[in-house]
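1. Need a 3D model of the following:
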Amino acid sequence: MSDTLLFSSERVRRMVRRMAYQVVERNAGSSTLVVAGIVEKGVPMAEMLAAAIGAIEGTACPVEAVDVTPFRDDQEALPAEDTVPALTSDVTDRDVLLVDDVLFTGRTARAAIDAVVRSGRPQSIQLAVLIDRGHREYPIQPDYVGRTIPTKHRERVVVEPAAEGSFTVRVVEREGT
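-> Numbering: from 1, shown residues only. Model (predicted):
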């Protein structure tokens, strides 16, 4: 198995800062923004992006966690009465920024969109990912991307917490597949 460091924590911080400026510019600030990190790995990435947006805007940018499990197409559907809104905020007429670490097939992002719509009727739903590795199964495209990394199916992109409060990005290739 090979393991290659692609981006150091400092490089990741620069990518996130660039994405934050793009988010602020596109949304004319952050006053209508709801930042929603996709559980699990999208939440710390959303917190990092929200902190960068907050630093630009001079205000706190709260983060919500969105659990997409009940909305996945590879899980057994829950009865309608068991399905509750995925976000605690009403997102009606708000701009929702979904955040995840890696975009691969688009299945998780599709489930997250369904989860957000369950929580109200947003003005827009935008998607921010640190790494876009291609191989879509659904026609999902991110609005904000740290980096696009073409990968092989046998490779995994791993976003790991770093000691400095940031992340590193590695590509791990499984041998023999």
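
2. Downstream of the lengthiest helix in the chain, the next helix or strand is which one?
-> Longest helix in the chain by number of residues, with DSSP state H as the criterion: helix 9-26. Sequence-wise, the next helix or strand downstream of helix 9-26 (DSSP states H and E) is strand 33-38.

3. other SSEs contacting that following strand?
-> Where contact means 3 or more Cβ pairs under 8 Å, 6 or more residues apart in numbering; DSSP states H and E, strand 33-38 is packed against helix 42-57, strand 63-66, strand 95-103, helix 107-118. In this view, the C-beta of every residue, glycine as well, is placed from N, C-alpha and C.

4. between it and helix 9-26, how many degrees?
-> 140 degrees (axes from the mean of the first three to the mean of the last three Cα atoms, to 10 degrees).

5. Relative to the whole chain's centre, how far out is strand 33-38?
-> 8 Å (Cα atoms, centre = their mean, to the nearest Å).

6. Just checking: what are the partner strands of that strand?
-> Note on strand 33-38: by DSSP bridges, its sheet partners are strand 63-66 (parallel), strand 95-103 (parallel).

7. For the last one, list the C-alpha coordinates in CSV.
-> As requested, the backbone C-alpha atoms of strand 95-103 are provided in CSV (Å, rounded to 0.1, in the frame of the first residue of the first chain):
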residue,chain,number,x,y,z
ASP,A,95,-28.4,30.3,1.6
VAL,A,96,-27.3,26.9,2.9
LEU,A,97,-23.7,26.0,2.4
LEU,A,98,-23.2,22.3,2.6
VAL,A,99,-19.6,21.3,3.5
ASP,A,100,-17.8,18.0,3.2
ASP,A,101,-14.2,16.9,3.0
VAL,A,102,-14.2,14.8,-0.1
LEU,A,103,-16.6,14.6,-3.1
